[in-house]
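Asks: how does the following fold in three dimensions:
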Amino acid sequence: MTEFITLTPKTLPTLTKGDDYAVVATITKDGATYDITGATVTCSIHDRAHPGSGLINDHAVTITTAASGIVTLTLTDTETLTLRAPFLRGRSRMHVADFKVVETGLAVVHSEPFLIPVRRGVT
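Replies: Have a look, this model is predicted:
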């Protein structure tokens, strides 16, 4: 049976292509705090319009406070350049992401998909 975890917030703050990006999120399981002590967390991101795009795969996520399920997703400017942005400035293009948690004992749990809006850089 596949178990799913939930990420708060469901839509992360807008990412500007070509800029560094960091966001703190909380992972819960069955509506309660999810203790991820000893676990490994990764994130994969793809363009919502192209589900198989795999723009960023198995990217390491920092566990900020393991007992409370608090994590930090950090992407460098080089990594955000791989994401797709809309042609028009002032608009954003949605990307779908999910976290994979490999628990102690190697049980694997996936998050429900969440959204990351991406916009073009200013320069």
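Asks: ok, the closest residue to Pro117 other than its chain neighbours to Cys43 distance?
Replies: Using CB to CB, 6 or more residues apart in numbering and skipping the chain neighbours, the partner closest in space to Pro117 is Ser92 (3.8 Å). Backbone N, C-alpha and C define where each C-beta goes, glycine included. Ser92 sits 19 Å away from Cys43, going by CB to CB, to the nearest Å.
Asks: now swap in Thr33 and tell me
Replies: 20 Å.
Asks: what does Glu103 give?
Replies: Glu103 sits 16 Å away from Cys43, going by CB to CB.
Asks: the more surrounded of the two?
Replies: Legend: neighbour count by other CB atoms under 10 Å for Glu103 and Cys43, higher for Cys43 (23 against 17).
Asks: which stretch of helix or strand covers the more buried one?
Replies: Using DSSP states H and E, Cys43 sits in strand 40-47.
Asks: quick one: contacts of that strand?
Replies: Strand 40-47 has contacts (CB atoms under 8 Å, 6 or more residues apart in numbering) with 27, 52-61, 63, 71, 73, 83-84, 93, 95-102, 116.
Asks: what about Thr104, distance to Asp47?
Replies: Note on Thr104: its distance to Asp47, by CB to CB, is 33 Å.
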